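Engineer: Build me a structure from this.
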Amino acid sequence: MYKKRKIVNLNLAKLAIIIINKDSAARCIAKSVRPLFLTLFITFCFFAPAAFARQPILEERETASAEGMQLYENRHYGFKISRPSGFEVDQKHGGAVSFVPRKSEIYRFIPSLTVTKFFVIKSMELNNIINSTEKKYSKLPFYRLNYISRGADTSEARICREFVDDVVMETVYEVSLYKKNGESLFEATWQAPKSQAMSQLAKKFEMMLSSFVITDQSFTTDEIAVSGSVNNPAELVSAALASINASKFLEALSALKRITALDANNLEAYVLTGKCYISLKDYKRASTAYKKLTELKPENLDFLNLYVDTLTLSKDYKKALAACKKALEINGPDQAAAMAYINLGNIFYGMGLLEEATNSYLEGITRHPNNAGLHNNAALIYTKRGDYASAISYYNKAIALEPEHRAAHLGIARIYFKQGNMTAAVFHYDKMAKLDPELEEPYTSLLKIYKKMNMPKNASDLLNELKLKNERLYKKVTADYK
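Structural biologist: Sure thing, here's the model as predicted:
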């Protein structure tokens with residue numbers, strides 16, 4: 001029995017890091033259930049000298065014959081590719097689809113070609129994506145970049161790499177074709193043992209790459225393919241959840257489409273559908289899914305809040321206000337009722353009406369005094385209005401109600417830092433560093449404070465601790481600190 005190959009899954013969707021944030025508390029607020037604003041951080045330049053240890057070697061590729069190829073078309077993802085007759089479709093290697101030889105030789109892992117589709121920001125250049133990808137790949141054991149090849153079209157590139165797979169202890173030879181069209185990024189990658197790099201198998205893989213074509217870029221729910229071995233809603237929900245956890249939202253939508261085809265009133269399917277579309281930044285379709293929930297369960301306040309939130313994200317404030325008015329009239333659990341006031345304030349905040357937003361949060365606090373989110377959002381508005389005393393008061397109330405409220409700790413730390421109250425700022429930044437060890441701001445701010453207060457030992461201890469815990473973040477923080 002052969003070991004299956006370990007798929008190197010460097011999720012390119014994460015290269016377009018989307019941080020949706022309700023109260024400008026950067027990454028920690030992005031984890032909240034109902035975000036408001038969207039930020040993109042792209043910092044790398046592909047041709048920067050420090051990007052690679054050496055210049056990639058440009059190579060010409062031999063054009064292979066396409067005889068005996070069978071066309072495969074995927075309308076769900078929008079692409080076509082031809083495969084040799086000796087290859088079959090395989091669903092176990094990730095991505096949209098994989099192709100493997102029907103009769104595999106004695107390999108430590110099964111050679112395959114996998115096609116994956118990702119969503120990226122439309123203005124993002126392919127060069128920047130490749131640069132970030134290579135930085136991730138360069139951390140693999142015994143990594144080697146053989147070449148990067150680009151034609152006249154800047155939306156297409158081909159890369160050849162080698163690295164050691166630490167599961168099968170085999171040197172992997174990998175060739176990836178990247179094609180970008182608008183917000184869609186396709187990656188067609190084949191992997192084989194290094195010993196097969198110049199074999200007939202490799203030539204067949206190259207023929208497949210040469211045949212890869214993007215077809216329809218307009219994704220609609222009606223075009224989702226209905227395929228797979230599971231046939232009941234419970235199994236499909238499990239499959240959808242697994243895809244969502246792997247950030248494969250189009251695959252999840254395919255399963256969810258099948259659920260609603262079998263059961264048009266399946267509530268869980270619409271909840272997950274909305275979640276997928278939010279992750280894909282398609283807030284209009286998310287609101288359509290949540291609207292269906294409100295039609296099926298008109299008295300469910302949680303569903304109505306979800307609908308209002310996605311309308312706000314879509315900037316459809318007129319509909320959002322109308323739906324929010326209904327939400328405020330429904331009796332529901334205290335948390336859901338408080339969220340209706342949070343949504344109302346968020347709508348006004350999105351419209352730039354700070355006074356109305358403040359009044360909404362304060363009315364919510366009057367009715368639901370134990371909700372930390374309302375206090376936090378009120379503090380944010382007061383911060384925006386320059387009333388730092390009131391902001392500090394409400395942030396402290398939010399922290400008293402929820403001691404690990406990340407947004408409140410970060411928000412109050414920023415105010416204390418701005419006011420020069422370094423002792424208080426250190427306390428809250430240090431708390432944030434423990435609550436969210438992946439967030440850069442607490443570390444950079446603490447280093448600034450230690451430098452300002454002439455406390456080099458504290459700065460050194462902080463950096464040493466960070467290096468042991470998170471070397472990637474340590475390198476970023478030290479680079480920014482210098």
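
Engineer: Could you list the low-confidence segments of this structure?
Structural biologist: Scanning the chain for pLDDT under 70 picks out the ranges 1-68, 76, 91-94, 104-108, 120-122, 151-153, 166-168, 216-231, 480-482.

Engineer: which secondary structure elements does the helix ranked longest in it contact?
Structural biologist: In the chain, assigned by DSSP state H, the helix with the most residues is helix 334-350. Judged by 3 or more CB pairs under 8 Å, 6 or more residues apart in numbering; DSSP states H and E, helix 334-350 is in contact with helix 301-313, helix 317-328, helix 354-367, helix 372-384. Yep, even glycine has a C-beta here, placed from its N, CA and C like the rest.

Engineer: What's the local residue count around Ser138?
Structural biologist: Neighbours of Ser138 under the rule other CB atoms under 10 Å: 15.

Engineer: Relative to Lys476, how far out is it?
Structural biologist: If you measure Ser138 against Lys476 using CB to CB, to the nearest Å, the figure is 15 Å.

Engineer: Ok, Met351 next?
Structural biologist: 36 Å.

Engineer: now for the host helix or strand of Ser254, which elements pack on it?
Structural biologist: Per DSSP states H and E, Ser254 falls inside helix 249-262. Contacts defined by 3+ CB pairs under 8 Å, 6+ apart place helix 249-262 against helix 233-245, helix 267-279.

Engineer: Can I get the ones you listed in CSV including mean neighbour count?
Structural biologist: Shown next, in CSV, are those (neighbours: other CB atoms under 10 Å):
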stretch, mean neighbour count
helix 233-245, 17
helix 267-279, 21
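
Engineer: how about those, which one is nearest Leu126?
Structural biologist: Nearest to Leu126, of all the helices and strands packed on helix 249-262, is helix 267-279, at 21.9 Å by CB to CB.

Engineer: how far is stretch 310-321 from where the chain is centred?
Structural biologist: Relative to the centre of its chain, stretch 310-321 is centred 23 Å away, using CA atoms, centre = their mean, to the nearest Å.

Engineer: any residues touching it, and which ones?
Structural biologist: Stretch 310-321 is contacted from outside by 20, 35-36, 274, 278, 283-284, 286-287, 290, 308, 323, 343-344, 346-347, 350-351, using CB atoms under 8 Å, 6 or more residues apart in numbering.

Engineer: Which of those are buried? Put it as a ChimeraX command.
Structural biologist: Once 16 or more other CB atoms under 10 Å is used to decide burial, the buried members of the contacts of stretch 310-321 can be selected in ChimeraX as follows:
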select :20,35,36,274,278,283,286,287,290,308,323,343,344,346,347,350
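
Engineer: Show me what counts as buried in stretch 438-457.
Structural biologist: Leu439, Glu441, Pro442, Tyr443, Thr444, Ser445, Leu446, Leu447, Lys448, Ile449, Tyr450, Met455.

Engineer: now those as TSV including secondary structure?
Structural biologist: As requested, the buried residues of stretch 438-457 are arranged in TSV below (DSSP: H, G, I helix; E, B strand; the rest coil):
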residue	secondary structure
Leu439	coil
Glu441	helix
Pro442	helix
Tyr443	helix
Thr444	helix
Ser445	helix
Leu446	helix
Leu447	helix
Lys448	helix
Ile449	helix
Tyr450	helix
Met455	coil
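
Engineer: quick one: secondary structure of Tyr72?
Structural biologist: Quick answer, by three-state DSSP: Tyr72 is strand.

Engineer: Leaving out the residues flanking it, which one is nearest to it?
Structural biologist: Distance criterion CB to CB, 6 or more residues apart in numbering; nearest residue to Tyr72, sequence neighbours excluded, is Ile81 at 5.3 Å.

Engineer: State whether that neighbour is indeed within a helix.
Structural biologist: No - applying three-state DSSP, one finds Ile81 to be strand, outside a helix.

Engineer: what residues are up against it?
Structural biologist: Leu71, Tyr72, Val115, Ala188, Met208, Ser211, Phe212, Val213.

Engineer: mind running it again at 7 Å?
Structural biologist: Residues in contact with Ile81 (CB atoms under 7 Å, 6 or more residues apart in numbering) are Tyr72, Val115, Met208, Ser211, Phe212.

Engineer: Glu268 versus Leu280, what's the distance?
Structural biologist: Leu280 is 19 Å from Glu268, by CB to CB.

Engineer: follow-up on the earlier one: can I get the helices and strands packed on helix 334-350 in JSON lines with distance to Lys257?
Structural biologist: Shown next, in JSON lines, are those (distance: least, CB to CB, whole Å):
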{"stretch": "helix 301-313", "distance to Lys257": "19"}
{"stretch": "helix 317-328", "distance to Lys257": "25"}
{"stretch": "helix 354-367", "distance to Lys257": "37"}
{"stretch": "helix 372-384", "distance to Lys257": "33"}
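
Engineer: of all these, which lies closest to Thr154?
Structural biologist: Nearest of those (CB to CB): helix 301-313, 31.3 Å.
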